[in-house]
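Visitor: Need coordinates for the below:
(one chain, ligands or ions: 1)
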Amino acid sequence: MSPEEFRRYGKQVVDWIADYLSTIESYPVGARTRPGEVRAALPAHPPEQGEPYEKVLEDVSRVIMPGITHWQHPSFFAFFPSNASGPAILGDLLSSGLGVQGLVWAASPASTELETVVVDWLAELLGLPARFRTDSTGGGVIQDSASSSALVALLAALHRTSGGEIRAGGITRRYTLYVSSQTHSALEKAARITGIGADNVRVVDVDPLTLAMDPGHLRSLVTEDIAAGAVPAMVCATVGTTSTTAIDPVAAIGPVCAEHGIWLHIDAAYAGVAAICPELRWINDGVAEYADSYATNPHKWLLTNFDCGVLWVADREAVTGALSIMPEFLRNQASDSGEVIDYRDWQVPLGRRFRALKLWSVIRWYGAEGLRQHLRTMVSLGDEFAALVSADPDFEVRPHHPFGLVCFRPLWTDEETMALLERLNDSGELYLSHTRVAGRVFLRMAIGAPSVTSDHIAKAWATIRRISRDMRPA
Ligand SMILES: *Cc1c(COP(=O)(O)O)cnc(C)c1O
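Guide: Here you go, the predicted structure:
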């Protein structure tokens, strides 16, 4: 494709995206395709000869679009938002257009240096402690996901705990990882990947009401494990759990970690970005005093298209100690001089996309105030929805944190609640997901699509009431 052809098709694609975003509400929110339907509509074999790009665009409309669930639809309330924005899309396009591979600083210096600047900017916006900044002992790095961030944190924790022995000798002792029943499954996955093993993931009790980790139980598990000869490697505290956005008490968990020299990782994948608003900064109480690492995903709630997860560490040498490796083909003067950062030593893969461009675009386009306004709107829409549901005696609402997520249920059996969820999602009018709290099914209303307004919230509640009354007339 020549640059001239690219210009022509590129304009068409940008127009296509703008049309899509301006007409998104005309689509049913959830895809209604049956398993295998999209695949069956596509040729089984690749074309022998190249095709005009028009053909690809035609097939996107004809075959792909019916199989799309519209995450940016203002009535998409499932999972957590993965909200997108114009500046992020453009930043990603620039990154693709440049096509650079930032595997070492020398591979494209601006790619590394812009990343350093934006992760430091974001640390400042979030009020994270100075030791997480690049001009101190730590620093931030853009990862593909919070799962990768957790894995890298655990590798660094193991490196530090083992005094670097793991690098050559592998895992030769019983290391333990502490989570709660509400911790994201990515942590158990990291335990399996690192070789700690799922059996050494210790599940700390939670408060039955708030679902927050019980620091007293953490302390007793740690003491018990040490007495049995295990080496506690890491505690993961979550700020905003995936199921209900529960907040673990970092300020009470921290002292247990400090006492035993255990790495404290904070998984704030979804909710962490809320700290951009000064009135919500309390969510990170204890982080400044105790955390060794902190992860949040701008690609969930912060208007930055997937993928963009940021990990900060207080001691970058623990990370590079665990992950640095210098094969001959990557040797270069800049890396040898120690004057530059090679982020490949802060992640699992070697290669890296230029993700900083989209985060930079987003922060510059919205500014701190624009980002705060977005978050505050979502928080207040969450409160609005909770008030609507609370006023209905046929429904129960869980107390919620100010993160735009509301968990609620009709006062029915779990089977009936699941049937309601299916009917709601089949309606095409909105899209929700569910969770289980203390054995009970709750519906999750996660408000975060960039174009969602009060009207969409009112409409969603009207749909929920209408369909629930149809299923169970009063
Ligand atoms: C979404 C989520 C994750 C996983 O995020 P990925 O970036 O998809 O790996 C981890 N932890 C929490 C608390 C989450 O909400």
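Visitor: Would you agree residue 202 falls within a strand?
Guide: Yes. The assignment for residue 202, made by DSSP: H, G, I helix; E, B strand; the rest coil, places it in a strand.
Visitor: OK, contacts around it?
Guide: Taking C-beta atoms under 8 Å, 6 or more residues apart in numbering, we find residue 202 in contact with 176, 177, 178, 179, 221, 225. C-beta coordinates here come from the backbone N, C-alpha and C atoms, glycine included.
Visitor: Turn the buried ones among the residues you listed into a named PyMOL selection, would you?
Guide: Buried residues among the contacts of residue 202 (16 or more other C-beta atoms under 10 Å), as a PyMOL selection:
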select buried, resi 176+177+178+179+221+225
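Visitor: ok, then the element right after the helix or strand of the chain with the lowest mean pLDDT?
Guide: Using mean pLDDT, DSSP states H and E, helix 333-337 stands out as the lowest-scoring helix or strand of the chain, at a mean of 88. On the C-terminal side of helix 333-337, the closest following helix or strand by DSSP states H and E is helix 356-390.
Visitor: Give the other helices and strands that that next one contacts.
Guide: Using 3 or more C-beta pairs under 8 Å, 6 or more residues apart in numbering; DSSP states H and E, the elements in contact with helix 356-390 are helix 86-98, helix 109-126, helix 298-301, strand 395-397, strand 405-410, helix 454-471.
Visitor: Which residue does the stretch 301-450 of the chain have closest to the ligand?
Guide: Taking C-beta to the nearest ligand atom as the measure, the stretch 301-450 of the chain has residue 309 as its residue closest to the ligand, at 4.9 Å.
Visitor: ok, that residue touching residue 145?
Guide: Yes. Residue 309 lies in contact with residue 145 (C-beta atoms under 8 Å); the separation is 4.9 Å.
Visitor: Now do the shared contacts for these two.
Guide: Once C-beta under 8 Å, 6+ apart is applied, the residues that residue 309 and residue 145 both contact turn out to be residue 297.
Visitor: These two: which is more packed in?
Guide: residue 309 (24 against 18; other C-beta atoms under 10 Å).
Visitor: circling back to that earlier point, same list (the helices and strands packed on helix 356-390) but as CSV, adding mean neighbour count.
Guide: Listed next are the helices and strands packed on helix 356-390 as CSV, based on neighbours: other C-beta atoms under 10 Å:
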stretch, mean neighbour count
helix 86-98, 18
helix 109-126, 19
helix 298-301, 27
strand 395-397, 18
strand 405-410, 25
helix 454-471, 16
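Visitor: Show me which residues of the stretch 201-350 of the chain are close to the ligand?
Guide: Residues of the stretch 201-350 of the chain lying close to the ligand (C-beta under 6 Å from any ligand atom) are 238, 241, 242, 267, 269, 270, 297, 309.
Visitor: try 5 Å
Guide: Proximity of the stretch 201-350 of the chain to the ligand (C-beta under 5 Å from any ligand atom) is limited to residues 242, 267, 269, 270, 309.
Visitor: sorry, back to before: list the buried ones in the least confident helix or strand of the chain?
Guide: 334, 335.
Visitor: Which residues outside it are in contact with it?
Guide: 104, 105, 106, 109, 326, 340, 342.
Visitor: Just the element for the fifth one, please.
Guide: Which is residue 326. Residue 326 is part of no helix or strand when elements are defined by DSSP H and E.
Visitor: Ramachandran coordinates for it?
Guide: Here is the backbone geometry of residue 326 (degrees, to the nearest 10): phi -130, psi 80.
Visitor: Can you get me a residue count around it?
Guide: Counted with other C-beta under 10 Å, residue 326 comes out at 14.
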